[in-house]
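In: Got a sequence here, can you build the structure:
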Amino acid sequence: MQRNVAVVFGGVSNENEISVITGTMAANVLKNGGDTVIPLYISQKGEIFTGAGLADISNFKQGNYSVFPRAIIGAGGIYVLNKRGRPKKFVKVDVALNCCHGGLGEGGGICGLFALNGIPLASAGMFESAAFMDKYFTKLVLTALGVTVAPYVYIRNSADFARAEELGYPLIVKPATLGSSIGVERADDRERLEEAVQTAFVYDDGVIAEKYLSDRREINCAAYFAEGRVVTSECEEAVTDGDILSYDDKYAGGGKSVLPADIPKVKSDAVKAITSSVYKKLNMRGIVRFDFIISGGEIYLSEINTVPGSLSYYLLSGGFKDFYPVLRAVIVQAEEDFKKAHGKKILTTGILNNLPSNSCKRGSK
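Out: Numbering: from 1, shown residues only. A predicted model of the protein is given here:
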């Protein structure tokens, strides 16, 4: 069945450009699979643009996206605006796919926007999107689920430095709500810790100081839900020459990936089991990537990415063509979930009919 699929990407985020890569990739995979794609690009100013040409990544060089018409989401679709900012056309949306990295785009804002407007979203839900966008909340949720995480301290001000030092150096310092390794640094002493925290506070209001796990191996595993079961990918090892994976390692060719990861089967099975367990316990949806660290024989769950880079197509398929069935599966699941949820009764109590007409006037007694 052909669908109108809105692919949402960009956002008011430091990861806007990475999101453009993910969004245009997904738009073209869906288009080549036979769906009608409606690209929706959110600029760093929060403006929404639409137009078929936004599936072409070259239109984002030099800010060329701004020549496309603006749009707003509403009432089961999108309103395309004219140059005066007035609606000139309405396009129905059957389902949407969230490709926004970071900020409110990944942190639950897109989920809420489409939910309020009655549009199924083939991506993670509001709870997991908001919780896992924040590394501190991630630690709290995972600890409650009995999952092992690296020792950490949440830093809000200078008074927390002493508690961080109790973990012992070296430490990894991370802005709490940023991804793509932006603002992530290693600290080997108090001076470097203070510098790293100050840098992280430039980007965020909260900072995580985490015990650096030596002899670490960074392992990723992606998952999605379809046809009644959680599908997990093979494990991937992200390799870097440095102490931590940097932005360049991830996006500028500085690092490399080993797929499947060269780790004992008992470890890869354990990683997949933790991935599947957390996904199931939280009743998650959409494509989600789980990032682990293996150190000293222990498996630590580090982060959960509800909108992973390139939607982890390379973990879940053999290439762009093979990725379409995965996207189709999460889209079909989103439609089924939406239909089921909207079959529930919404209660109207009639309480307003029993209130005196002047009961809510300001100053009335």
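In: Please make it C-alpha for all contacts and neighbour counts, starting now.
Out: Will do.
In: what sits up against the lengthiest helix in the chain?
Out: Secondary structure of the chain read by DSSP state H shows that its longest helix is helix 320-341. Helix 320-341 is contacted by residues 29-30, 33, 95, 97, 120-123, 224-227, 285-287, 313, 316-317 when judged by C-alpha atoms under 8 Å, 6 or more residues apart in numbering.
In: Quick check: strands, which of these are part of them?
Out: Among the contacts of helix 320-341, the residues falling in strands (DSSP state E) are 95, 97, 224-226.
In: Tell me the one of these nearest Thr232?
Out: Tyr224 (6.8 Å; C-alpha to C-alpha).
In: Look up phi and psi at the residue nearest in space to the middle of the chain.
Out: Most central in the chain under C-alpha atoms, centre = their mean is Val307, positioned 2.9 Å from the mean C-alpha point. In terms of degrees, to the nearest 10, the main-chain angles of Val307 are phi -130, psi 80.
In: Which pLDDT value goes with it?
Out: With respect to pLDDT, Val307 scores 97.
In: do Leu171 as well
Out: 95.
In: ok, and the most crowded of the ones in strands among the contacts of helix 320-341?
Out: Leu97 (27 neighbours; other C-alpha atoms under 10 Å).
In: Quick one: name whatever helix or strand follows the helix or strand bottoming out on mean pLDDT in the chain.
Out: Across the helices and strands of the chain, mean confidence by mean pLDDT, DSSP states H and E is lowest for helix 247-251: a mean of 50. Using DSSP states H and E, the helix or strand that follows helix 247-251 in sequence is strand 256-258.
In: Touching that following strand from outside, list them.
Out: With C-alpha under 8 Å, 6+ apart as the criterion, strand 256-258 contacts 236-240, 249.
In: For the host helix or strand of Gly112, which residues meet the burial criterion?
Out: Using DSSP H and E, Gly112 maps to helix 109-116. Residues 110-112, 114-115 are the ones in helix 109-116 that count as buried (16 or more other C-alpha atoms under 10 Å).
In: And for stretch 330-338?
Out: 330-335, 337-338.
In: Could you point out the member of those that lies closest to Ile38?
Out: Ile331 (14.5 Å).
In: any idea how far that closest one lies from Ile351?
Out: Using C-alpha to C-alpha, to the nearest Å, Ile331 is found at 39 Å from Ile351.
In: With Ala55 instead?
Out: From Ala55 to Ile351 the distance is 49 Å (C-alpha to C-alpha).
In: same check, this time on Val8
Out: Counting by C-alpha to C-alpha, the gap from Val8 to Ile351 is 39 Å.
In: Pick out whichever of those two has more residues nearby.
Out: Higher neighbour count among Val8 and Ile351: Val8, with 28 against 7, using other C-alpha under 10 Å.
In: Which secondary structure state does the more buried one sit in?
Out: Recorded secondary structure, Val8: strand (DSSP: H, G, I helix; E, B strand; the rest coil).
In: for the stretch 51-200 of the chain, which spans come out with low pLDDT?
Out: Residues of the stretch 51-200 of the chain meeting the criterion pLDDT under 70: 179-180.
In: Would you map the strands across it?
Out: 71-74, 77-81, 87-92, 95-98, 152-155, 171-175, 185-187 (DSSP state E, counting those that start in this stretch).
In: Ok, which of the ones you listed comes nearest Ala261?
Out: Of all those, strand 171-175 comes closest under C-alpha to C-alpha, at 23.7 Å.
In: what's next to that closest one, contact-wise?
Out: So strand 171-175 is contacted by 181-188, 193, 196-197, 200-201, 203-212 (C-alpha under 8 Å, 6+ apart).
In: Same question for stretch 261-273.
Out: With C-alpha under 8 Å, 6+ apart, stretch 261-273 has contacts from 219, 221, 232-237, 292, 299.
In: Let's have those in TSV, adding distance to Ala130, pLDDT and secondary structure.
Out: TSV is the format used below for the contacts of stretch 261-273 (distance: C-alpha to C-alpha, whole Å; pLDDT from 0 to 100; DSSP: H, G, I helix; E, B strand; the rest coil):
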residue	distance to Ala130	pLDDT	secondary structure
Ile219	23	97	strand
Cys221	20	98	strand
Thr232	22	98	strand
Ser233	24	98	coil
Glu234	26	97	coil
Cys235	25	98	coil
Glu236	25	97	strand
Glu237	26	97	strand
Phe292	20	97	strand
Ile299	24	98	strand
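In: what about burial for these, which qualify?
Out: Counted by 16+ other C-alpha under 10 Å, the contacts of stretch 261-273 give 219, 221, 232-237, 292, 299 as buried.
In: list the buried ones in the helix or strand hosting Val271?
Out: Per DSSP H and E: Val271 is located in helix 265-281. For helix 265-281, the neighbour count (16+ other C-alpha under 10 Å) marks 268, 271-272, 274-276, 278-279 as buried.
In: got it, and stretch 91-106?
Out: 92-106.
In: Next: stretch 138-145.
Out: Per 16+ other C-alpha under 10 Å, stretch 138-145 contains these buried residues: 138-139, 141-142.
In: Fine by me, thanks again.
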